[in-house]
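A.B. asks: below are the sequence and a predicted model for it; my questions follow.
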Amino acid sequence: MWVASAIGGLVVLVTGLLSPEGAGDVLLRLAPILVFLVAVTVLAELADESGLFDVAARECAHWGRGSTWRLWLMVVGLATAATILLSLDTTAVLLTPVVLSLARQLGLPPIGFAMTTVWLANTASLLLPVSNLTNLLAQDSLHLSTRGFAGVSWAAAITAFVVTVIVLGLRYRATWRTSYDVPEAPHVEDRVLFVVAAATCLALGPLAVVGFPVQWVALGLALVLTAAFLVRRRSVFSVSLIPWRLVILVIGLFLVVAAGHAHGLDHLLTRVTGTGDDLMSLLHLSGVAAAGANVVNNLPAYAALEPTAGSVPRTFALLVGVNTGPLILLWGSLATLLWRERCRARDVEITWREFATTGLIGVPLVVVASTIALSLSS
């Protein structure tokens, strides 16, 4: 996917569909977002190397005390916290294999746990700008502080979370009714790195909410954890720590979308999305956004539809659609694609039918309920 994005970006530049000035504006806007993306990925990868996610998952098993229902609720909490504070890609890439490995070790069916991580990676990503790249783009266009962003999104975010838990709780209730043997306490190889990783990860959300620019907060915390690893475990460093494919993907997609807008795409899409801040207009926009995210992926869907928003409520209705909606088709979000790779690496195959069936049941409920909550709280 990143290769196609890179080719598309080069084509619009070489053919002149997007001017150098237009490309410069795109890169200028993306710069702080890409700084955050790289920093939070490095932070999450190093935190995983410290054993933080393994310990968290095992602690969930201990707190569950043999009840799969309680264990699942712990995983729900862990996935939600990881998504809100460290972005949906962290949950998809790093937490998914830990949770699947834990399910296998406890002798539990893994599919329900796999679906829990991918759903919450998407539906729990509405609250803070750091939770999703689309949120960072919306924050930039609306000039909102992190606190201001959460002040608008909180009702929709809570609703999306609650509906998701209800849908998954009912959908996989047979799994949650089982039990397991409580495992031994997890071993921490390097307690210094573990403590530094825990402190830096936990600090990200509060520091951003206080009002510090999120990209510099993430960069500073990533540098702190990087310094700790340079002193105690240099062997973990490699090029793979930098999400360069994702950086190329984002840049290419936004260059292509910018070229489209330069040639009248926004006028066409305005006819599709409509206008207005009333409930029905917001439902219309969030529905179009959810459909678009499933068809073409949530990032280009957001970039294409953002100019049609025009107000704070409409921009957040757009976020409801592209954040919580891409859970019907497996390419709906980048996090979902990354999650599927991690599932396959753990020999857990989620069929298209399983994924789409759950999505067709849950996505309309989440999108509609969250949009209503957004409208009522605006």
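C.D. replies: Right, received. Where do you want to start?

A.B. asks: do a quick rundown of the helices in the stretch 51-200 of the chain.
C.D. replies: For the stretch 51-200 of the chain, the helices defined by DSSP state H, counting those that start in this stretch cover 52-64, 68-86, 88-90, 96-105, 111-123, 133-142, 146-171, 173-176, 191-210.

A.B. asks: A373: which of those is closest?
C.D. replies: helix 146-171 (4.0 Å; C-beta to C-beta). Bear in mind the C-beta positions are built from the backbone N, C-alpha and C, glycine included.

A.B. asks: and the angle from the closest one to helix 111-123?
C.D. replies: Put simply, helix 146-171 runs at 150 degrees to helix 111-123, going by axes from the mean of the first three to the mean of the last three C-alpha atoms, to 10 degrees.

A.B. asks: list the helices and strands helix 146-171 packs on?
C.D. replies: Under the contact criterion of 3 or more C-beta pairs under 8 Å, 6 or more residues apart in numbering; DSSP states H and E, helix 146-171 touches helix 68-86, helix 111-123, helix 133-142, helix 191-210, helix 312-324, helix 352-377.

A.B. asks: tabulate the helices of the stretch 51-200 of the chain in CSV, adding columns for mean pLDDT.
C.D. replies: CSV is the format used below for these (pLDDT from 0 to 100):
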stretch, mean pLDDT
helix 52-64, 84
helix 68-86, 93
helix 88-90, 85
helix 96-105, 87
helix 111-123, 97
helix 133-142, 92
helix 146-171, 97
helix 173-176, 94
helix 191-210, 88
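
A.B. asks: which other helices and strands does the longest helix seen in the chain contact?
C.D. replies: In the chain, taking DSSP state H as the definition, the longest helix is helix 20-49. Here helix 20-49 touches helix 68-86, helix 88-90, helix 133-142, helix 191-210, helix 214-232, helix 244-262, going by 3+ C-beta pairs under 8 Å, 6+ apart.

A.B. asks: tell me which of those helices is the most buried.
C.D. replies: helix 88-90 (a mean of 28; mean count of other C-beta atoms under 10 Å).

A.B. asks: now find how far off-centre that helix is within its chain.
C.D. replies: Taking C-alpha atoms, centre = their mean, to the nearest Å, one finds the center of helix 88-90 at 5 Å from the center of the full chain.

A.B. asks: same check on stretch 315-323?
C.D. replies: On C-alpha atoms, centre = their mean, the centre of stretch 315-323 falls 13 Å from the chain's centre.

A.B. asks: mind listing what the residue nearest to A82 when sequence neighbours are not counted touches?
C.D. replies: Setting aside the residues directly before and after it, A82 is nearest to T91 in space (C-beta to C-beta, 6 or more residues apart in numbering), at 4.6 Å. Contact analysis of T91 by C-beta atoms under 8 Å, 6 or more residues apart in numbering lists A79, A82, T83, T117, L120, A121, A124, A335.

A.B. asks: quickly note the distance from the last one to V162.
C.D. replies: Okay, so that is A335. In this view, A335 and V162 are 20 Å apart by C-beta to C-beta, to the nearest Å.

A.B. asks: out of the helices and strands packed on helix 146-171, which gets nearest to W176?
C.D. replies: Between these, helix 68-86 lies closest to W176; by C-beta to C-beta that is 4.4 Å.

A.B. asks: tilt between that closest one and helix 191-210?
C.D. replies: Using the same axes, to 10 degrees, helix 68-86 lies at 70 degrees relative to helix 191-210.

A.B. asks: just the pLDDT for G252.
C.D. replies: Among the per-residue scores, G252 shows a pLDDT of 88.

A.B. asks: go on, V320?
C.D. replies: Confidence score, pLDDT, at V320: 98.

A.B. asks: residues in contact with stretch 322-329: which ones?
C.D. replies: With C-beta under 8 Å, 6+ apart, stretch 322-329 has contacts from 118-119, 122-123, 125-126, 132, 134-135, 160, 286, 289-295, 297-298, 301-302, 305, 332-333, 336, 355-356, 358-360, 362-363, 366-367, 370.

A.B. asks: please spell out which residues along that stretch are buried.
C.D. replies: Using 16 or more other C-beta atoms under 10 Å as the test for burial, stretch 322-329 gives V322, N323, T324, G325, P326, L327, I328, L329.

A.B. asks: first-to-last residue distance for it?
C.D. replies: Stretch 322-329 has an end-to-end distance of 13 Å (criterion: C-alpha to C-alpha, to the nearest Å).

A.B. asks: any idea how far it is from the chain center?
C.D. replies: Taking mean C-alpha positions (C-alpha atoms, centre = their mean), stretch 322-329 and its chain are 11 Å apart.

A.B. asks: coming back round to it: in TSV: the buried residues of stretch 322-329, plus distance to A309.
C.D. replies: Output for those, formatted as TSV (distance: C-beta to C-beta, whole Å):
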residue	distance to A309
V322	11
N323	14
T324	16
G325	15
P326	18
L327	22
I328	23
L329	23
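
A.B. asks: between those, which is nearest L71?
C.D. replies: L327 (22.7 Å).

A.B. asks: ignoring the adjacent residues along the chain, who's closest to the closest one?
C.D. replies: Per C-beta to C-beta, 6+ apart, closest to L327 is G359, 4.4 Å.

A.B. asks: how close does that neighbour get to L168?
C.D. replies: 12 Å.

A.B. asks: before we move on, back to that, looking at A335 and V162, which one has more neighbours?
C.D. replies: Under the criterion of other C-beta atoms under 10 Å, the comparison of A335 against V162 puts A335 first, with 26 against 15.

A.B. asks: right, I'll call it a day here.
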